[in-house]
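Asks: Got a predicted structure plus its sequence, pasted below:
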Amino acid sequence: MQQLISRMGGMPATILKICFLGIINAVAIWGIPAMVANGSWIMLAFVVASTAALDFLLLGSRYVPGKYVVIGAILLTAFQIIPVIFNISIAFTNYSTGNIGTQDDAITAIVRDSSQQTDSSPSYDMLPARNDTGDLVLILTPQDVGQLADSGSADAAASDEPSAQPGFDFGVPSASGAPMEFGGEDVAPSPVASDAGTDDMNLPTDAETSDYPPTYIGTDQGIDEVPASDVQRDEFGTVTGVTGLTVVPDADLASIDSQLAAFKVPGPQGGYIQPQGLQTAIELVPTLTYDPAADTFTSIGTGTVYVDNGRGNYANPADPQDKLTPGWRATVGFENFARVFNDPQIREPFAMVFIWTFLYALLSVLLTFVVGLGLAVVLNKERMRGQRVYRSLLIIPYAVPAFLSILVWAGLLNDDFGALNAVTGWDIPWLFDPFWARVSVLLVNLWLGFPYMFLVSTGALQAIPSELQEAARVDGARTFQVWRLVNMPLLLVALTPLLIASFAYNFNNFGGIYLLTGGGPAVPGSEVAGATDILISYTYKIAFAAGEGNDYGLAAAISIFIFFIVGTISALSFGRSNALREDRA
Amino acid sequence: MRRTLRLIGAGSIAAAVGLGSLIAAPLAQAKPNTIVIWTDADRAPAVRYLFPNGYKGLAVDVVVKDFGAIRDELSKVTADSAPDVIMGANDWVGELAVNGSIVKLNLSAKVKDQLSPGAVQAFNYNGSQYGVPVAIENIAMITNASLIKTQPTTFADLSTQALALQKAGKVTIPLAVQQGAGGDAYHMYPLFTGLGGYIFGTTPKGAYVTSNIGIDNKVFRANSKLIDQWNKTGLLNSKVDGDIAKAAFTSGQSPFWITGPWNISELAKVTFKYRITPVPPIVDGLTPVPFIGSQGVMLTKYAAVHGVESAARSLVTEYMAGEKAQFNLSAKNDRYPANLAAAKRVTNPQLKAFGAAGAGGVPIPNISQMNSVWGPLGGAWVNSTKGEGATPAAQAFAQAAAAVKQAVAG
């Protein structure tokens, strides 16, 4: 690219460069408001600094090495260092289902959801309107008993013909024995009967009014009954307005949306009548009060005080499990790391999974290397006919996208219906027995991996000067000795880093496991880890499918462990391979 | 020359910066006066069809997401691009409510009475309502009528007929229920309940009691010998996965298939006649019932941030609960409406038959502990029906119960 640009000469190159910088700058500027809005200051600093550095370096003609170093450094920071820092910072938090937002979010949500509908909460048909001073008021009509009876009859009709409409009966206890009484009786007695009854009682019985229920005007002071003569109705008797008030037209509802959502009318039952949309209001009774000064919630019913437990929840100090949800993301120190060692549910599978991960990576590398090298040696004979055809054929598994091959293999390996057992007449439970499932993932990985080893081995073999082999033969070495003493050391010098890389890759070969067995078969007694789970698939399951939803904090902590394991192994191996080189020298 | 170029360069960068800021300003904010609904590709056309002119003076923007991504992204999205309403499954409610991502709804009796009570219950979490159901779905048993002349009324009868067909070489899979290596507790649930199993007990008000685990209860344990028998005769085979089950039934290689309304379009292609019924009773006094899944609409916490809370709440509780919306949704999406009046108007006979097979079904528990159940329970079925070398069912399910107990306690 650089060559191309310099060959094009100064002017076009400069224009290209300016366009490139212009795009970078525009993208950076485009991102800044969002970053400011989200308070991502570190990200903002990084973006501003790196964009400024790029502009400065690329527009100037000094600091030529800097042009390469800075671009490399920016990319390294953006794609390696920032995710790593982010991951590490998550590992020290309780970021998981129920603790995802900020403390302020949590307080808002707790307050918002703490108002409750009681069994006798009256529901009102609501019309937002303005009075003569332009203030928002609500025209409230207790929901019509007649309508309740209507829908009640619809319900009754449905249950009259259970054979035609039995889908609705679910939840009603079936004619079952003891166990169903838990799963079955979960539906409260028909809301029709109870609510209609209580609504009835709540309606002020005013002898003077007609059949219509009374209509009220709700303000932040309370509700006032409207004289029946002031209520305007359509031909169905539905309230359409009240004399002296202007009903807010549909088109203007958007402008009062938030005002309406926050509107509270003190109700007759000690709660607040609150809009539940645009046409309905329900009296809700608060169940918790928040004290901002003390930062505590108090239950109105029981008097229990919930305090910040320092771990991202408001909890009852007397009973730490009695928490309010949601919580927020809080720092919990080394707790996630400690859990890996202390929690038997994680520790026991962790040991099993760790050993298998190690075996899986090691055996994958060994098998693919042995097969790949063997084929490379066989096909390396100069006189062989059709060498190219064979080589091309052998690369096919490498050319097909791995996830496709894995899914095809999953079908082939099905023990009763898969092609492999059908063709061979074997009866091997490939994916259903822990041992054979492990064999399967290794075999499939061998299929996917040997072409790579074959390619690099072929390359490395061809790079060995033939004089060396001839010299060895002249010295009286046999074929095997030539191999052991000349070819192998030279090959290993070239291939060891690749083998280590392959090991590290397979250590985290998520697709190879997850797509073939999903980590299964299940191991009795272990909730998350299956027989073929490797650390990374196990971590994935913890993060996204564990007992209590997602546990990002724990998953991040385990991934740090994985990093140290892979890092240590790689460092040790590279150390060994350097030693190999020095031995030769 | 170089200096001029550099000046031009600086100038164009300044211009780009200006342009960038211009684009940035409107993009950084959510669209005003718009209700954003997230739904999946299946349902999006139906939802768009409901709001040709927006809702109550507001525009309605239907955003298509992968079904699972709706739940996952809701906890990670920034307020600017967040939805006001999502359409999703009832078993998301626990997680989303615990996260504070969705807002509690208060339904008037008038609204509740229009809806299937069980479906309303399915969106109830810890005694609070978090969604309005719009559709219900459940699995049923499909019978190949050209292979099975008389519909079995008991499971023993079903077993006899199916195994006889297999012995005669007419079919390869006597009963196609999908499991696969990972297991499938959802599709096995009618058999599970038919043997007396249940997952969590409930309080009279409907809240789940996670300490009451019924996977290994006495009744089920006593009946679990039947599973061993099914395994021995080959009636059940855990190696049958979803694709195999579908292929076997549609090609006439299996007389019975347990599946849901999402395969109605597959059934339209078969050349033989078939019946859709509930799974017949296995043990006297116990009815095999399916899980009832429910899809519904939920209000997110972002509606308040976007200043459209009242309208979005109204859309969820006042409009989507209604007959018109649900009938139109159902007509476009092959799912049974949760609205009772809309359900009565369903004309698709297959859909009606699936609805009938849902009788007595229970909602999928929407508590997050359910995540610890699917794996062990599915695994118990796999281990006890994998043919030779299978774990005795009593033992397999006891292990599953222990695993769930440990997970839920931990």
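Replies: Structure received.

Asks: looking at it, A:S405 is touching A:L446, isn't it?
Replies: No - contact between A:S405 and A:L446 fails when scored by Cβ atoms under 8 Å: they sit 11.6 Å apart. C-beta: built from backbone N, CA, C; applies to glycine.

Asks: helix, strand or coil for the residue nearest to A:P214 when sequence neighbours are not counted?
Replies: Distance criterion Cβ to Cβ, 6 or more residues apart in numbering or on different chains; nearest residue to A:P214, sequence neighbours excluded, is A:E225 at 5.1 Å. The three-state label given to A:E225 by DSSP: H, G, I helix; E, B strand; the rest coil is strand.

Asks: What about A:E225, how many residues nearby?
Replies: Under the neighbour criterion other Cβ atoms under 10 Å in any protein chain shown, A:E225 is assigned a count of 13.

Asks: Same check on A:G476?
Replies: Each residue near A:G476 was counted by other Cβ under 10 Å, and the total is 7.

Asks: check contacts around the most centrally placed residue in chain B.
Replies: Central residue of chain B (Cα atoms, centre = their mean): B:G293, 4.4 Å from the mean position. Listed by Cβ atoms under 8 Å, 6 or more residues apart in numbering or on different chains, the contact set of B:G293 reads B:A89, B:N90, B:D91, B:I136, B:E137, B:N138, B:P363, B:I364.

Asks: Please pick the buried ones from the residues you listed.
Replies: Buried members of the contacts of B:G293, scored by 16 or more other Cβ atoms under 10 Å in any protein chain shown, are B:A89, B:N90, B:D91, B:I136, B:E137, B:N138, B:P363, B:I364.

Asks: what are the phi and psi values for residue 322?
Replies: Picked chain A for this. When read as degrees, to the nearest 10, the backbone of A:D322 gives phi -80, psi 90.

Asks: wait, chain B
Replies: Torsion angles at B:G322 (phi, psi; degrees, to the nearest 10) stand at phi -80, psi 170.

Asks: Which residues are in contact with it?
Replies: B:G322 neighbours (Cβ under 8 Å, 6+ apart): B:Q114, B:N339.

Asks: My read is that B:G296 contacts B:F123, right?
Replies: Yes - taking contacts as Cβ under 8 Å, B:G296 lies within contact range of B:F123: 5.4 Å.

Asks: Which neighbours do those two have in common?
Replies: With Cβ under 8 Å, 6+ apart as the test, B:G296 and B:F123 both reach B:N90, B:G131, B:V132, B:P133.

Asks: would you turn these into TSV with distance to B:T347?
Replies: Output for the shared contacts of B:G296 and B:F123, formatted as TSV (distance: Cβ to Cβ, whole Å):
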residue	distance to B:T347
B:N90	25
B:G131	27
B:V132	24
B:P133	21
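
Asks: Now the two most distant members of the residues you listed.
Replies: B:N90 and B:V132 (10.7 Å; Cβ to Cβ).

Asks: what sits in contact with each of these two?
Replies: With Cβ under 8 Å, 6+ apart as the test, B:N90 and B:V132 both reach B:F123, B:G296.

Asks: that older thread, give me the more crowded residue out of B:G296 and B:F123.
Replies: B:F123 (30 against 27).

Asks: what's near enough to touch the nearest residue to the more buried one once chain neighbours are set aside?
Replies: Excluding its sequence neighbours, the residue lying closest to B:F123 (Cβ to Cβ, 6+ apart) is B:G131, at 3.6 Å. By Cβ under 8 Å, 6+ apart, the residues touching B:G131 are B:G88, B:N90, B:V93, B:I102, B:L105, B:F123, B:G296, B:V297, B:M298, B:V316.

Asks: quick one: which of the buried ones among the contacts of B:G293 sit in strands?
Replies: Mapping the buried ones among the contacts of B:G293 onto strands (DSSP state E) picks out B:A89, B:I136, B:E137, B:P363.

Asks: I figured the first one was touching B:F291, is that so?
Replies: Spelled out, that is B:A89. No - using Cβ under 8 Å, B:A89 makes no contact with B:F291, being 11.3 Å away.

Asks: List the ones among the shared contacts of B:G296 and B:F123 that fall in helices.
Replies: Nothing among those maps onto helices, per DSSP state H.

Asks: related to what we said a few turns ago, the residue nearest to A:P214 bridge partners, please.
Replies: A:Y216 (DSSP bridges).

Asks: now the helices for the stretch 301-410 of chain B?
Replies: For the stretch 301-410 of chain B, the helices defined by DSSP state H, counting those that start in this stretch cover B:302-305, B:309-314, B:323-333, B:340-344, B:349-357, B:371-384, B:393-409.

Asks: Just name the most buried of those helices.
Replies: Greatest average neighbour count among these goes to helix B:309-314 (a mean of 27), per mean count of other Cβ atoms under 10 Å in any protein chain shown.

Asks: what does that helix contact?
Replies: Residues from elsewhere that reach helix B:309-314 (Cβ under 8 Å, 6+ apart): A:253-254, A:256-258, A:260-261, A:275-280, B:35, B:55-58, B:84-85, B:103, B:105, B:299, B:303.

Asks: Let's see which of those residues end up in strands.
Replies: Judged by DSSP E, the contacts of helix B:309-314 include A:P275, A:T280, B:I35, B:V85, B:L299 as members of strands.

Asks: still on that earlier bit, which pLDDT value goes with the residue nearest to B:F123?
Replies: With respect to pLDDT, B:G131 scores 95.

Asks: And the strands in the stretch 151-300 of chain A, which stretches?
Replies: Along the stretch 151-300 of chain A, the stretches classed as strands by DSSP state E, counting those that start in this stretch are A:215-219, A:222-226, A:231-233, A:239-242, A:246-247, A:265-266, A:272-275, A:280-286, A:288-291, A:296-299.

Asks: pLDDT on the third one, on average?
Replies: Per-residue confidence for strand A:231-233 averages out to 89 on the pLDDT scale.

Asks: Okay, buried residues for it please.
Replies: Neighbour-count burial for strand A:231-233 [16+ other Cβ under 10 Å]: A:V231.

Asks: That one packs against which elements?
Replies: Applying 3 or more Cβ pairs under 8 Å, 6 or more residues apart in numbering or on different chains; DSSP states H and E, one finds that strand A:231-233 contacts strand A:239-242.

Asks: Check the offset of the strand it packs on from the chain's centre.
Replies: Centre-to-centre, strand A:239-242 and its host chain are 49 Å apart (Cα atoms, centre = their mean, to the nearest Å).

Asks: what comes into contact with it?
Replies: So strand A:239-242 is contacted by A:125, A:127, A:129, A:139, A:141, A:215, A:217, A:226, A:230-234, A:247 (Cβ under 8 Å, 6+ apart).

Asks: Enumerate the residues of the stretch 351-500 of chain A near chain B.
Replies: A:G411, A:N414, A:D415, A:D416, A:F417, A:P429, A:L431, A:F432, A:D433, A:A437 (Cβ under 8 Å from any Cβ of the partner chain).

Asks: domain ranges for chain A?
Replies: A:2-91, A:103-113+A:289-333, A:120-286, A:338-584 (automatic domain parsing).

Asks: Any idea which of these gets closest to B:N263?
Replies: B:N263 lies closest, by Cβ to Cβ, to one member of those: domain A:120-286, at 17.5 Å.
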